[in-house]
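Undergrad: show me how the following folds:
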Amino acid sequence: MKKLIVMSMIACMALSMTACGSKEQTAAPAEETETPAAGEETEGAEAETETPSAGAEEASGDKTWIIAMDTVFRPFEFTNENGEFVGIDVDVMKAVAEDQGFSYEIQSLGWDAAVAAVSIVTRIMMFINSALIGFGQGFQPVCGFTFGAKRYDRVLEAYYFCRRVAFVFLLVMGAVMFFVSTPIMRLFRREDAEVVRIGALALRMQCALLPLQAFTIIGNMLTQSIGYSFRATLTAIGRQGLFFIPAILILPGVFGLRGLQLAQPAADLLTFVLTQVIVIIVLRELKEMWKEQEI
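TA: Predicted structure coming up:
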């Protein structure tokens, strides 16, 4: 009985070993047939991934990428005293460009710097014009009293004298400020070269037309003093309203940053033309009244 059981167990073990051997032989060809297909798929995928990267490298090598920055945010991006763009963001961009093998060019948007620069220039010009306005306030009572006394010759004499003095004063101030515009801007924002650069050019533009302010301010005070209120209002609102608002809305959209710098000089020039037209008419009327009085 024991021999029969042992023989049965040996027979079962032999059958199980035979079955395992047949399964391994069947699976081996399947693996051999599947391996080349998997290899082909891998090679195809590698080829597909290599092709776009090669094209990207070729494209990036041919192009120069324009990087826009608003270089007024220290220490991330700003302009140093030599006019160079520096900062953490600039260093990161340089490292990425060297790693990826492409060239780039940084261009400053300049809007925040432009707003700061124009604000500084406006304050500087207000300081100069305030001196002239103080001088003109001494002219107004003389003009008003002589006009009320019907001494039109004195009105004309006072106007021409004050206009000459104001013109010489603004001519000298404009010339000085024109040549020292950059050092003056550095007094306000020494650490920001972009603000200094934009503001210096804007200041020179306004200084070039500064002597014309003598005709505008003294002419406005003349019309105020003799009671020509409507004409005085036109000359008063021209520089900061009538001409400046359209200029600041139109010119930056056409000329960009240069348009922002040109807005105030353009308004000054147009205000000068308008004031001269009004003042010429007023002077003609005063001369006629003077002639009638003499007759």
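Undergrad: use CA for all of it now, contacts and neighbours both
TA: Fine.
Undergrad: helices or strands up against the helix or strand where residue 166 lies?
TA: In this assignment (DSSP states H and E), residue 166 forms part of helix 152-179. Using 3 or more C-alpha pairs under 8 Å, 6 or more residues apart in numbering; DSSP states H and E as the contact criterion, the elements in contact with helix 152-179 are helix 111-148, helix 193-208, helix 212-225, helix 257-294.
Undergrad: and what about residue 78, helix, strand or coil?
TA: Following DSSP: H, G, I helix; E, B strand; the rest coil, we place residue 78 in the strand state.
Undergrad: surely it is in contact with residue 91?
TA: No. Look at residue 78 against residue 91 with C-alpha atoms under 8 Å: they stay out of range, at 11.6 Å.
Undergrad: more neighbours: these two, which one.
TA: Taking other C-alpha atoms under 10 Å, residue 78 and residue 91 do not tie; residue 78 has more neighbours (25 against 14).
Undergrad: next, the contact list for the nearest residue to residue 268 once chain neighbours are set aside, please.
TA: Spatially, and ignoring its direct neighbours in sequence, residue 268 is nearest to residue 239 (5.6 Å; C-alpha to C-alpha, 6 or more residues apart in numbering). Counting by C-alpha atoms under 8 Å, 6 or more residues apart in numbering, residue 239 touches 264, 267-268, 270-271.
Undergrad: could you check how far residue 239 is from residue 220?
TA: 11 Å (C-alpha to C-alpha, to the nearest Å).
Undergrad: for residue 106, pull up the helix or strand it's in.
TA: Assigned by DSSP H and E, residue 106 belongs to strand 103-108.
Undergrad: lowest average confidence, helix or strand, in this protein?
TA: helix 2-62 (a mean of 50; mean pLDDT, DSSP states H and E).
Undergrad: and the helix or strand that it is followed by, what does it pack onto?
TA: Next helix or strand after helix 2-62 toward the C-terminus (DSSP H and E): strand 64-69. Helices and strands touching strand 64-69, by 3+ C-alpha pairs under 8 Å, 6+ apart, are strand 103-108.
Undergrad: give me the mean pLDDT for the strand it packs on.
TA: Mean pLDDT, computed over strand 103-108, is 75.
Undergrad: could you do stretch 267-286 as well?
TA: 94.
Undergrad: now stretch 203-221
TA: Here the average pLDDT along stretch 203-221 is 93.
Undergrad: hmm, who's touching stretch 192-209?
TA: The contact list for stretch 192-209 (C-alpha under 8 Å, 6+ apart) reads 71-72, 78-83, 110, 113-114, 116-118, 120-121, 174-175, 177-179, 181-182, 185-186, 189-190, 261-262, 264-265, 268-269.
Undergrad: what's the neighbour count on the residue lying closest to residue 137 once chain neighbours are set aside?
TA: Counting by C-alpha to C-alpha, 6+ apart, residue 221 is the residue found nearest to residue 137 once chain neighbours are left out, at 7.9 Å. Neighbourhood size, residue 221 [other C-alpha under 10 Å]: 22.
Undergrad: got it, and residue 254?
TA: For residue 254, the count of nearby residues is 11 (other C-alpha under 10 Å).
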